[in-house]
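>>> Provide a 3D model corresponding to the input given below.
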Amino acid sequence: MKNRPILISLSIFFLLVSFILLGWNSFNAPFERDEGHYAYGAWIMTRGLTPYINTFEQKPPMIFYPYLLSLLINPNANWPPRLIASLSVLFTLLLLWFIVKKEYCERAAWLTVWLGLPMLMFPHLTLSANTERFTILPLVGLLALYVYRRNSASLWPIFWGAALGAVAVLFKQIAAPAVLYLLLVWILRGKEQGKAILAVTVSTAATLVLF
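Alright, predicted model coming up:
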């Protein structure tokens with residue numbers, strides 16, 4: 001098809017424009033309650049203090065790191081965490097495109113991205129850089145590793161997949177059932193199930209200790 005490169009270029013262009021327009025208006029909006037909580041947890045880390053030890057916390061630990069990075073970018077602005085959250089959604093959509101293209105076809109992949117964009121970015125769903133926007137990237141990353149390397153003889157893909165799953169749970173505990181299901185299916189599909197269990201255990205433990 002001679003016009004295929006042009007159609008793909010136009011599709012990418014309009015996707016990027018839609019992506020920017022859906023998130024642009026919220027970048028400088030005031031922090032909501034949870035965002036202020038995350039930002040405060042990150043701020044005390046810059047003062048040599050530690051959440052859970054020096055403050056009362058009920059949030060998972062990974063959410064403080066994007067806000068810590070935001071403080072390093074610009075400590076006086078509201079846009080850095082929203083930008084990081086938007087990039088998380090963007091990379092999630094790219095991973096979904098690759099997953100669906102691998103499993104089905106390119107047309108279904110483009111349809112998935114076009115449907116996923118409003119589902120993840122519509123302003124009435126959320127304006128904030130909340131835990132869900134960060135959780136979905138490592139969760140989809142685990143799924144992408146499974147789809148692309150589920151038949152690999154190497155244990156490294158499941159090792160890194162378990163690490164991504166652990167990061168997703170550290171962002172939001174509700175991701176745990178999906179992570180456990182994917183890792184269980186991956187282990188049962190493998191030939192060396194004992195080694196796969198060991199790889200998952202070591203990877204998960206190392207990730208939990210690191211963060």
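
>>> Helices of this protein, residue ranges please.
Assigned by DSSP state H, the chain shows helices spanning 4-24, 33-46, 64-73, 79-103, 106-121, 131-149, 156-171, 176-189, 193-210.

>>> Columns mean pLDDT, mean neighbour count and distance to Tyr52 on top of those helices, output as CSV?
The way it works is simple: take the backbone N, C-alpha and C, and place the C-beta from them, glycine included. Shown next, in CSV, are the helices of the chain (pLDDT from 0 to 100; neighbours: other C-beta atoms under 10 Å; distance: least, C-beta to C-beta, whole Å):
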stretch, mean pLDDT, mean neighbour count, distance to Tyr52
helix 4-24, 75, 12, 31
helix 33-46, 90, 17, 9
helix 64-73, 94, 18, 10
helix 79-103, 92, 19, 20
helix 106-121, 88, 15, 30
helix 131-149, 93, 21, 16
helix 156-171, 95, 23, 13
helix 176-189, 93, 15, 19
helix 193-210, 90, 15, 14
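
>>> Which one of these lies nearest to Ile53?
Closest to Ile53 of the helices of the chain is helix 33-46 (C-beta to C-beta; 9.8 Å).

>>> What are the contacting residues of that closest one?
31, 50-51, 54-55, 57, 59, 63-68, 70-71, 81, 128-131 (C-beta atoms under 8 Å, 6 or more residues apart in numbering).

>>> Can you give the distance of it from its chain's centre?
20 Å (C-alpha atoms, centre = their mean, to the nearest Å).

>>> Specify the angle between that helix and helix 131-149 in degrees.
Helix 33-46 and helix 131-149 meet at an angle of 80 degrees, taking axes from the mean of the first three to the mean of the last three C-alpha atoms, to 10 degrees as the criterion.

>>> Tell me what angle helix 33-46 forms with helix 79-103.
Angle of helix 33-46 versus helix 79-103, following the same axes, to 10 degrees, is 110 degrees.

>>> Arg133 versus Val17, what's the distance?
Separation of Val17 from Arg133 (C-beta to C-beta, to the nearest Å): 20 Å.

>>> do Pro61 as well
According to C-beta to C-beta, Pro61 stands 17 Å off from Arg133.

>>> Please apply the same query to Arg150.
27 Å.

>>> Could you do Val202 as well?
When distance is defined by C-beta to C-beta, Val202 is 29 Å away from Arg133.

>>> Repeat that for Pro177.
Pro177 is 19 Å from Arg133, by C-beta to C-beta.

>>> does Leu164 really touch Ile136, like I thought?
No: with contact defined as C-beta atoms under 8 Å, Leu164 does not count as touching Ile136 (11.5 Å).

>>> Next one: the residue nearest to Ala77 when sequence neighbours are not counted, what pLDDT does it get?
Leaving aside its chain neighbours, Ala77 sits nearest to Asn28 (7.6 Å; criterion: C-beta to C-beta, 6 or more residues apart in numbering). pLDDT, Asn28: 81.

>>> list the contacts for Asn28?
Contacts of Asn28 by C-beta under 8 Å, 6+ apart are Ala77, Asn78, Trp79.
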